[in-house]
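Undergrad: Show me how the following folds:
(4 chains)
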Protein chains: 2
Amino acid sequence: MEPSSHAFGPSQLVLTASIARRYYVDGRSKVEIADEFRLSRFKVARLLDQARSSGMVRIEISHPGSIDIDLSARLQEAFGLRRAIVVDTLEEDPAALRVQLGKAAADLLSEIVTSDDVLGLAWARAVTAMTDQLTSLAPAPVVQLTGALTRPDVEANSVELVRTVAKLSGGPAYLFYAPLVVPDAATARALRQQPEVADAIGHFDSVTKAVVGLGSWTAGQSTLFDAMDDEACDQLRRRGVVADISGVFVTAAGEPVQTRVTDRVIAITAAQMDAIDEVIAIPYGMAKVEAVRAAVRSGLVNGVVTHAPLARALLAETD
Amino acid sequence: MEPSSHAFGPSQLVLTASIARRYYVDGRSKVEIADEFRLSRFKVARLLDQARSSGMVRIEISHPGSIDIDLSARLQEAFGLRRAIVVDTLEEDPAALRVQLGKAAADLLSEIVTSDDVLGLAWARAVTAMTDQLTSLAPAPVVQLTGALTRPDVEANSVELVRTVAKLSGGPAYLFYAPLVVPDAATARALRQQPEVADAIGHFDSVTKAVVGLGSWTAGQSTLFDAMDDEACDQLRRRGVVADISGVFVTAAGEPVQTRVTDRVIAITAAQMDAIDEVIAIPYGMAKVEAVRAAVRSGLVNGVVTHAPLARALLAETD
DNA sequence: GCCGGACTCGCTCATATGAGCAGCACCCTG
DNA sequence: CAGGGTGCTGCTCATATGAGCGAGTCCGGC
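TA: Numbers count the residues shown, from 1 in each chain, chains lettered A, B, ... in the order given. Take a look at the predicted model:
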């Protein structure tokens, strides 16, 4: 006759634990375990199912490095991204954060760029931070995707950036000297026809992987916003722009916005960016949540390197 | 052409993490995962192997109760026990500890005793603690295995204990009124021939499951030691006795010891105890490490209900 | 340029595993 | 005490998985 308990007794629990240990920790097969414990393999399978469903077995994915791989994987899946790297840091100082994210992005670039690729680089502090950490790269052509925006607080500019990376990789560099934004469309047109600029632009269509800047369309959250006249900024804002992706403006819904202002920007177009296989951004700071969301929704950006708090904020708002 | 990295890059890590999550957390098959990620199932299997061997996947066995099932399972396996229950508590007060272990032991007994069993109970505070917590039991005969030892600090005695349990179970009780130890062998012999005592002893051979006391052969660590005259205690100690299992004396090597002193004890014999299918002890307190070791090594005790510190101490000394 | 070594890949085939089913013991309830 | 429900068991058979293998690739040394 059987014992009364149908709620599991301690002995049953310990048996289940033993089996779970054998299976999950020691990696033995259910058949082996069944033989050892004189049970049918079906019984073993059922006990293991029960162990899992009752939460007795807890499985964690982690890694002894600066990258929170589990969070990365969740971010990647939740937004359908090609790449997502989340650096596990609580650092809040933007400069220090840039260095950490730069390192992660540099590692990522080293890993994914092959000699069959054509690498596109936009101007952005985050991109500069990445190139500063870059130590090796397959020999791929490097193409400048945007004009430069020199600000008093930043020493490097996008020209040096492209040249440095090309030197490191050993591939050809396609670069030009021009500002990211000019006062009127006519000037922009003229600049685009300059030989070096035209040459670089001519390579936009063959770019296979790019690293771009990502700004939130607010003062202090976008280098481009801060560099533009108020009227232009307002006009774009009225059109629903919430983010700029290295000169490509997108709304919260992820729609690229084309206006007269766009003509004044010397940069890759939305259509050209959309044709690039992988476009990676390196956003940081909690103010960029909406910008990242918009950029990802647009489909223009399909790779993200960021830090844990921002990643969590992105995942938290379920929509 | 492939990227340079042969140390795993961040993207590789995240891919592996995604796959590990799908497999271990979501419980999907490798074939499904392979389809989802456009990989061969072999590649998936290799990444999973790598994830495990690199420690990326951490698996823990735990349970939201008072029992440390993982420690229990390890103890059970390490000592080849039929049962091991480790209560996860840091409680040090003996009385409080007894209550907790009593509860666990009571649950165990409810679980494993069936109406086909014959239950044997020895006198011991720990056994009393167990019966105090016992709420249900299959209808099995209950047999008293030892004489009683009434001490001023303990109110219950083994007679009440057996009667209480039998009443709870609904089975017959075989009990007697006699002390555990008497001054001389002749008295013991006479007592053993008393009808009730002889009747109980007559049932020893049919006992299938028993709960016994376990003392370390030192002052304060064994009720029997404290109740005996110094000379007898010393004699047994000289014979190498380190533990008493409800009146059965064993050496550190696990050998039962038979002396003149043994004849003065009214209790089950070593041979009779050895014939019982399951003999469970409820040791606690760090002073009992060696006694438990001896009792288990003797093979007389093959079930243990104890607390985490003692279990860890037992496992720590690898021998 | 040619070779060996170290690696990765995906295959075959034997084995392990899961889904679903039928037999059985128990337990109510009428 | 008959009948139906419930839960547990171990089965069959289709599928998933692992061990080991040979082909292809990359790379450094001669």
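Undergrad: For the residue in the stretch 151-300 of chain A positioned nearest to DNA strand C, give its distance to A:G303.
TA: The minimum distance from the stretch 151-300 of chain A to DNA strand C, using Cβ to the nearest atom of the strand, falls at A:E278 (19.1 Å). C-betas here are computed from N, CA, C, even on glycine. Between A:E278 and A:G303 the computed distance is 5 Å (Cβ to Cβ, to the nearest Å).
Undergrad: With A:A287 instead?
TA: 21 Å.
Undergrad: Between those two, point out the one with more neighbours.
TA: Counted by other Cβ atoms under 10 Å in any protein chain shown, A:A287 and A:G303 do not tie: A:G303 has more neighbours, with 25 against 14.
Undergrad: wait, isn't the more buried one in contact with A:D277?
TA: No - assessed by Cβ atoms under 8 Å, A:G303 is found out of contact with A:D277, at 10.0 Å.
Undergrad: what sits against whichever residue of chain A sits closest to DNA strand C?
TA: Nearest residue of chain A to DNA strand C: A:K30, at 3.1 Å (Cβ to the nearest atom of the strand). By Cβ atoms under 8 Å, 6 or more residues apart in numbering or on different chains, the contact list for A:K30 reads A:Y23, A:R41, A:V44, A:A45, A:L48.
Undergrad: what's the closest non-adjacent residue to the fourth one?
TA: The reference is to A:A45. Of all residues not flanking A:A45 in the chain, A:K30 sits nearest, at 5.7 Å (Cβ to Cβ, 6 or more residues apart in numbering or on different chains).
Undergrad: and the gap between that neighbour and A:A17?
TA: 16 Å.
Undergrad: Low-confidence ranges, the stretch 101-250 of chain A, go.
TA: Within the stretch 101-250 of chain A, the ranges that satisfy pLDDT under 70 run A:150-159.
Undergrad: let's go with 80 and repeat that
TA: A:149-159 (pLDDT under 80).
Undergrad: Run a quick neighbour tally on the residue of it found nearest DNA strand D.
TA: Taking Cβ to the nearest atom of the strand as the measure, the stretch 101-250 of chain A has A:A138 as its residue closest to DNA strand D, at 9.6 Å. A:A138 has 22 neighbours, counted by other Cβ under 10 Å.
Undergrad: Tell me if I'm right that it and A:S169 touch.
TA: Yes - the pair A:A138 and A:S169 qualifies as a contact (Cβ under 8 Å) at a distance of 6.5 Å.
Undergrad: Would you mind grabbing the residues shared as contacts by those two?
TA: The contact sets of A:A138 and A:S169 overlap at A:V113 (Cβ under 8 Å, 6+ apart).
Undergrad: tell me the SS of the residue of the stretch 101-250 of chain A found nearest chain B?
TA: Proximity to chain B, evaluated over the stretch 101-250 of chain A using Cβ to the nearest Cβ, is greatest for A:E111 at 2.8 Å. At A:E111 the chain is in helix, as set by DSSP: H, G, I helix; E, B strand; the rest coil.
Undergrad: Report the spatially nearest residue to it, omitting neighbours in sequence.
TA: A:E111 sits nearest to B:G9 (Cβ to Cβ, 6+ apart), 2.8 Å away.
Undergrad: for A:E77, same thing?
TA: That would be B:S18: by Cβ to Cβ, 6+ apart, it lies 6.6 Å from A:E77.
Undergrad: For the one you found, the count of nearby residues, please.
TA: Counted with other Cβ under 10 Å, B:S18 comes out at 23.
Undergrad: Which residue does chain A have closest to DNA strand D?
TA: Going by Cβ to the nearest atom of the strand, DNA strand D is nearest to A:S40 of chain A, at 3.4 Å.
Undergrad: returning to what we had before: tell me the one of the contacts of A:K30 nearest A:V86?
TA: A:Y23 (30.9 Å; Cβ to Cβ).
Undergrad: how about the closest one, what does it touch?
TA: A:K30, A:I33, A:V44, A:L48.
Undergrad: which of those sit farthest apart?
TA: A:I33 and A:L48 (8.6 Å).
Undergrad: shared neighbours of the two, which are they?
TA: A:I19, A:Y23.
Undergrad: Which part of the stretch 201-319 of chain A gets nearest to chain B, residue-wise?
TA: Counting by Cβ to the nearest Cβ, the stretch 201-319 of chain A gets nearest chain B through A:V305, at 8.4 Å.
Undergrad: Quick check: can you name the pairing partners of the helix or strand hosting that residue and their directions?
TA: Assigned by DSSP states H and E, A:V305 falls within strand A:303-307. Strand pairing for strand A:303-307, determined by DSSP bridges: strand A:83-87 (parallel), strand A:278-281 (parallel).
Undergrad: May I see those strands organised as CSV, with mean neighbour count and mean pLDDT added?
TA: Formatted as CSV, those follow (neighbours: other Cβ atoms under 10 Å in any protein chain shown; pLDDT from 0 to 100):
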stretch, mean neighbour count, mean pLDDT
strand A:83-87, 28, 95
strand A:278-281, 27, 96
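Undergrad: Common neighbours of A:E278 and A:G303, please.
TA: Joint contacts of A:E278 and A:G303 (Cβ under 8 Å, 6+ apart) are A:R82, A:R83.
Undergrad: pretty sure A:G55 contacts B:P64?
TA: Yes - A:G55 lies in contact with B:P64 (Cβ under 8 Å); the separation is 7.2 Å.
Undergrad: is it true that A:P172 touches A:R163?
TA: No - in this structure, A:P172 is not within contact of A:R163 by Cβ under 8 Å, at 10.9 Å.
Undergrad: Spatially, which residue comes closest to A:R312, not counting chain neighbours?
TA: A:L71 (7.2 Å).
Undergrad: Now do the contacts for the one you found.
TA: Counted by Cβ under 8 Å, 6+ apart, A:L71 has contacts A:V86, A:D88, A:A308, A:A311, A:R312, A:L315.
Undergrad: Let me see the backbone angles for it.
TA: Phi and psi for A:L71, reported as degrees, to the nearest 10, are phi -60, psi -40.
Undergrad: ok, the closest residue to A:N302 other than its chain neighbours - how many residues close by?
TA: Once flanking residues are discounted, A:N302 sits nearest to A:R82: 4.5 Å by Cβ to Cβ, 6+ apart. Using other Cβ under 10 Å, A:R82 has 16 neighbouring residues.
Undergrad: ok, A:L214 touching A:G247?
TA: No - with contacts counted by Cβ under 8 Å, A:L214 stays clear of A:G247, the gap being 11.1 Å.
Undergrad: Just want to know which of the two has more residues nearby.
TA: Legend: neighbour count by other Cβ under 10 Å for A:L214 and A:G247, higher for A:L214 (30 against 26).
Undergrad: can you pull out the strands in chain A?
TA: A:57-61, A:83-87, A:119-121, A:142-144, A:173-174, A:209-212, A:215-216, A:241-245, A:248-251, A:256-257, A:278-281, A:303-307 (DSSP state E).
Undergrad: can you list contacts of the fourth one?
TA: Among residues not part of strand A:142-144, those counted as contacts by Cβ under 8 Å, 6+ apart are A:118-121, A:158-159, A:162, A:165-166, A:169, A:171-176, A:200, A:203-204, A:207.
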